[in-house]
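Asks: sharing a model that was predicted from the sequence below.
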Amino acid sequence: TGMRTSEALNLRWKDIYEEEVETPKGKVVVLIFKVKETKALRRTKPNRWVIGTPSLGKILLRIRQSNKPFTEENDFIFTTSDGKRTGKTLFRKMFEASGTYKDKESGTYRTAGHLRSYYITEAVAKEIALGTIVRQTGHDIATLQRYYLANHRQGLAQALLKDTYKPSEAIGLAELFSDS
């Protein structure tokens, strides 16, 4: 989804909505997340809505079924066994369990931030409008230009021409990462 790690960890079950939308591939049920501001971003970034993939819905349903009794609307999605919000080590443990924690080529360790960077890089490469990427990730355009667009000159030109938020593109972006 392009969310920051802290934003994902602060999600509660009440922050997720399902909506059926029409796409070029037909009707798709997408998840819409109400991403709340974090303390670090409170002064500059408002709450925003983020679109997620249908396959993410299946994963969250499995989490909810296995997370009982912590499935009430106000409970955090990612919790410890006693229902408290989990920390960032959750993502490291997930990478370790899947055997993807250490990149075999570079030797670097992966973090949830790498997933966010991959998401943004793919969006730029697919020439998704900057407004859509900004809305999904909470970055401003200057940050995108500085860290991501310099490596994608072709994508940059197209993205700048389409510098508006398009929900249909956000859905298309979500489909890029869908395994369904």
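Replies: Now that the structure is in, tell me what you want to look at.

Asks: give me the number of residues near Phe78?
Replies: 17 (other C-beta atoms under 10 Å). (Each C-beta comes from the backbone N, C-alpha and C, glycine too.)

Asks: in this structure it contacts Thr86, no?
Replies: Yes. In terms of C-beta atoms under 8 Å, Phe78 counts as a neighbour of Thr86; the distance is 4.7 Å.

Asks: next, show the common contact partners of the two.
Replies: Jointly contacting Phe78 and Thr86 under the rule C-beta atoms under 8 Å, 6 or more residues apart in numbering are Leu9.

Asks: so which helix or strand of this structure has the lowest pLDDT on average?
Replies: When the helices and strands of the chain are scored by mean pLDDT, DSSP states H and E, helix 153-161 comes last with a mean of 51.

Asks: remind me, longest strand of the chain?
Replies: When the chain is scanned for its longest strand (criterion: DSSP state E), the result is strand 26-35.

Asks: okay, now the unreliable bits of the chain?
Replies: Residues of the chain that meet the criterion pLDDT under 70 lie in 37-46, 150-180.

Asks: mind running it again at 80?
Replies: 21-31, 36-48, 53-54, 67-68, 127, 145-180 (pLDDT under 80).

Asks: can you give me the strands for it?
Replies: If DSSP E is used as the criterion, the strands of the chain fall at 16-23, 26-35, 48-52.

Asks: out of these, which comes closest to Lys68?
Replies: Nearest to Lys68, of all the strands of the chain, is strand 16-23, at 17.0 Å by C-beta to C-beta.

Asks: buried by neighbour count: which residues of stretch 61-74 qualify?
Replies: Within stretch 61-74, the residues that qualify as buried by neighbour count (16 or more other C-beta atoms under 10 Å) are Asn67, Phe70.

Asks: next: stretch 133-144.
Replies: Ile133, Val134, Arg135, Gln136, Thr137, Gly138, His139, Leu144.

Asks: quick one, what contacts the residue lying closest to Gly57 once chain neighbours are set aside?
Replies: Leaving aside its chain neighbours, Gly57 sits nearest to Leu31 (5.1 Å; criterion: C-beta to C-beta, 6 or more residues apart in numbering). Counting by C-beta under 8 Å, 6+ apart, Leu31 makes contact with Ile16, Tyr17, Glu18, Ile51, Gly52, Thr53, Pro54, Leu56, Gly57, Leu60.
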